[in-house]
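A.B. asks: Only the shape, not the letters, is given here:
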């Protein structure tokens, strides 16, 4: 009886408030999840370029094969690989901006689901023991009210069946925002910005962030985790610039 009532209730809600794309507002077919993107917005989410660094996923503008980029050759990162849902362009960029700066938290679930599919489809033997979202400093977290990396991580954790750890890695120094800084300034800005609450060992960590530009944030997070005893860190980001 309850199942029938619930089906009727959902049908009534869909009739009065039909599901719409969370990004552009276009009505969705009834077959799609109400918390989803429309076909047009998905088509405007460019996938990661086939030619990219096989470590940090830096796109190559004209290369035809995957190889290490110059940055990874000169400064091998502590993480082993970067997974990216797509390029930081088009609808992905629009969705991240709305999630991060306009408090549209409903966008976190479909973005996380897109990224989770990329991680799950990767053909490797990496099975994370935990998922760690890149932390915000407590002052910035209080100002924003939420950590967008954590919100994106939630659907990935459900999809992979992996717990989220928000206590191990902390942002111990309230750094200047990375946006607008040069690569050198970003590196200097994040030096020793993260710390571990406790020592651990043998853990495999999937580190989650919304956007990766120069990669200095995830580099510093990964370096801190490995220095504390983590065995391996892989990174997953929604948008790769």
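C.D. replies: Looks like it arrived, so ask away. These numbers come from a predicted model, not from an experiment.

A.B. asks: Output the below-cut-off pLDDT ranges for the chain.
C.D. replies: 1-17, 31-34, 63 (pLDDT under 70).

A.B. asks: Now do the helices in this protein.
C.D. replies: Here the chain has its helices, by DSSP state H, at 2-16, 39-43, 70-74, 90-101, 108-121, 138-144, 148-160, 183-190, 216-227.

A.B. asks: Quick one, which of these gets closest to residue 24.
C.D. replies: Closest to residue 24 of the helices of the chain is helix 39-43 (CB to CB; 5.6 Å). (C-beta placed from N, C-alpha, C; glycine too.)

A.B. asks: buried residues in that closest one?
C.D. replies: For helix 39-43, the neighbour count (16 or more other CB atoms under 10 Å) marks 41-42 as buried.

A.B. asks: so what does it touch, helix or strand wise?
C.D. replies: helix 90-101 (3 or more CB pairs under 8 Å, 6 or more residues apart in numbering; DSSP states H and E).

A.B. asks: Tell me what angle the helix it packs on forms with helix 108-121.
C.D. replies: Orientation note: helix 90-101 sits at an angle of 120 degrees relative to helix 108-121 (axes from the mean of the first three to the mean of the last three CA atoms, to 10 degrees).

A.B. asks: Who are the packing partners of helix 90-101?
C.D. replies: Helices and strands touching helix 90-101, by 3+ CB pairs under 8 Å, 6+ apart, are helix 39-43, helix 108-121, helix 148-160, strand 204-212, strand 232-240.

A.B. asks: Switch those over to TSV, and while doing so, append distance to residue 24 to every line.
C.D. replies: Below are the helices and strands packed on helix 90-101 laid out as TSV (distance: least, CB to CB, whole Å):
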stretch	distance to residue 24
helix 39-43	6
helix 108-121	12
helix 148-160	20
strand 204-212	20
strand 232-240	18
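
A.B. asks: of all these, which lies closest to residue 94?
C.D. replies: In terms of CB to CB, the element of the helices and strands packed on helix 90-101 nearest to residue 94 is helix 39-43, at 8.3 Å.

A.B. asks: what sits up against that closest one?
C.D. replies: 21, 23-24, 26, 91, 95 (CB atoms under 8 Å, 6 or more residues apart in numbering).

A.B. asks: How far away from the center of its chain is that helix?
C.D. replies: 19 Å (CA atoms, centre = their mean, to the nearest Å).

A.B. asks: how does this protein divide into domains?
C.D. replies: Under the assignment automatic domain parsing, the domains of the chain span 1-43, 46-240.

A.B. asks: most tightly surrounded among these?
C.D. replies: Of the domains of the chain, the one with the most neighbours on average (mean count of other CB atoms under 10 Å) is domain 46-240, at a mean of 17.

A.B. asks: ok now that one, how far from the chain's centre?
C.D. replies: 6 Å.

A.B. asks: before we move on, the earlier item: wait, which of the contacts of helix 39-43 is closest to residue 35?
C.D. replies: Relative to residue 35, the closest of the contacts of helix 39-43 is residue 21; by CB to CB it sits at 10.1 Å.
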